[in-house]
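> the following block contains a protein sequence and its predicted model.
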Amino acid sequence: MKQHLFYFIGLFISLAACNRTTSESVQPSNPLDVPFGDPYVLYDKASDRYYMYGTGGVENGFVVYVSDDMTSWKKEGTVYSNEQEHAWGVKDFWAPEVYEHKGKYYLFYSADWKDNPNNELENFRIGVAEADSPLGPFIDRSSGPIFDPGYPIIDANLYFADNGKVYMYYSRCCYKHAVDSEISEWAKEKGMFDSVEESWIYGVELAADFSRVVGEPVLLLRPPVDMADKQSEWESRSVTSGEVNRRWTEGSYIFKEGQTYYMMYSANYFGGENYAVGYATSTHPLGPFEKSPNNPILQKNTAEGGVVTGTGHNSLVTDRSGTTWCVYHGRTSKTGDQRLAFIDRLVIDESGNLRVDGPTVNLED
């Protein structure tokens, strides 16, 4: 009798596990009911659950949504607030990413630094907070940012190399960073803008305890200088459309497949319809990186009769079944200006090219 009982218990557990894995292979219904910009998903092995962090949901801090299957998400509340002893940020808390490392959880984020003697309009830096759980509370590890490069920076992303080194990637903001290019010359000749500011992506080694950087940051990606560059058209749409005098290279996400390092990144204005995702490849985590001729790999679908715009600032997560998903934010003509989280499959083909099977959308008429 006991043998039969154990058999049925084992069968029930196996079927439950099978159903759970199968559900993760089902395309989530986009957009998700998660009002985030810059979404980032952590799969936590210890709790066997998925945790989504992003910009928005609470003032001067971050909240988390939790899921067992990446299709249904529940808001679990605030995980970080600047109402703490070591807080150095005063506003504009953006782009959180959480990493599990040696049993602890580390929240990397951007915020406006309170140390602002020149009253700069954009005074962003990157900080790190620590917790014992992905649910927080995350407490700042020091009363200041990780480092001060002398210009505003946002969008931290980490890569843990096989040799034990840790690299941090970030975007230098456009603020007060006017750059000469054929696009800026064109815009001035057209009477559109007197100058064009740009954001660039840098990489730098991070100390093992995340307290400081090691060495000097390396410039990895920037907008094209020449209009004949194949990347120039899609990366310059915010300027050529007359939207704003800025070109962005931001929201980087790096991973390794085989011997190739892939850096995904976003271009154009995050608040506009032309926000889109491309990628570049390298044989070393600090480059040099070469942009893919297939860019962009994720963009608005309105030209094909769709309703999605503003697709960008992505991260990746691999579920229990081994499927890799691209997590990003976007807008639809039916849901309005609020940025919402989307999840679509990421595919790497036999030639090593990336493809995002999206944006997909499932909205009731």
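Arrived safely, thanks for sending. Every value quoted in this text rests on a predicted model; they were computed, and no experiment measured them.
> how close does residue 292 get to residue 238?
Distance, residue 292 to residue 238, using Cβ to Cβ, to the nearest Å: 20 Å. Backbone N, C-alpha and C define where each C-beta goes, glycine included.
> who has more neighbours, those two?
residue 238 (23 against 19; other Cβ atoms under 10 Å).
> neighbours around residue 336, how many?
Residue 336, neighbours per other Cβ under 10 Å, totals 9.
> spell out, range by range, the strands that occur in the stretch 51-200 of the chain.
61-67, 74-81, 89-101, 104-113, 124-131, 139-140, 153-160, 166-172, 197-198, 200-206 (DSSP state E, counting those that start in this stretch).
> adding mean neighbour count, distance to residue 339 and mean pLDDT, write those strands out as JSON lines.
Shown next, in JSON lines, are the strands of the stretch 51-200 of the chain (neighbours: other Cβ atoms under 10 Å; distance: least, Cβ to Cβ, whole Å; pLDDT from 0 to 100):
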{"stretch": "strand 61-67", "mean neighbour count": "22", "distance to residue 339": "14", "mean pLDDT": "98"}
{"stretch": "strand 74-81", "mean neighbour count": "18", "distance to residue 339": "16", "mean pLDDT": "98"}
{"stretch": "strand 89-101", "mean neighbour count": "20", "distance to residue 339": "12", "mean pLDDT": "98"}
{"stretch": "strand 104-113", "mean neighbour count": "22", "distance to residue 339": "16", "mean pLDDT": "98"}
{"stretch": "strand 124-131", "mean neighbour count": "22", "distance to residue 339": "18", "mean pLDDT": "98"}
{"stretch": "strand 139-140", "mean neighbour count": "19", "distance to residue 339": "26", "mean pLDDT": "98"}
{"stretch": "strand 153-160", "mean neighbour count": "22", "distance to residue 339": "15", "mean pLDDT": "98"}
{"stretch": "strand 166-172", "mean neighbour count": "24", "distance to residue 339": "18", "mean pLDDT": "98"}
{"stretch": "strand 197-198", "mean neighbour count": "20", "distance to residue 339": "22", "mean pLDDT": "98"}
{"stretch": "strand 200-206", "mean neighbour count": "22", "distance to residue 339": "21", "mean pLDDT": "98"}
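> export these to JSON lines and tack on distance to residue 323?
Converted to JSON lines, those look like this (distance: least, Cβ to Cβ, whole Å):
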{"stretch": "strand 61-67", "distance to residue 323": "15"}
{"stretch": "strand 74-81", "distance to residue 323": "22"}
{"stretch": "strand 89-101", "distance to residue 323": "20"}
{"stretch": "strand 104-113", "distance to residue 323": "24"}
{"stretch": "strand 124-131", "distance to residue 323": "28"}
{"stretch": "strand 139-140", "distance to residue 323": "34"}
{"stretch": "strand 153-160", "distance to residue 323": "21"}
{"stretch": "strand 166-172", "distance to residue 323": "25"}
{"stretch": "strand 197-198", "distance to residue 323": "35"}
{"stretch": "strand 200-206", "distance to residue 323": "27"}
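> wait, which of those is closest to residue 307?
strand 61-67 (23.1 Å; Cβ to Cβ).
> report the inter-axis angle for the closest one versus strand 74-81.
150 degrees (axes from the mean of the first three to the mean of the last three Cα atoms, to 10 degrees).
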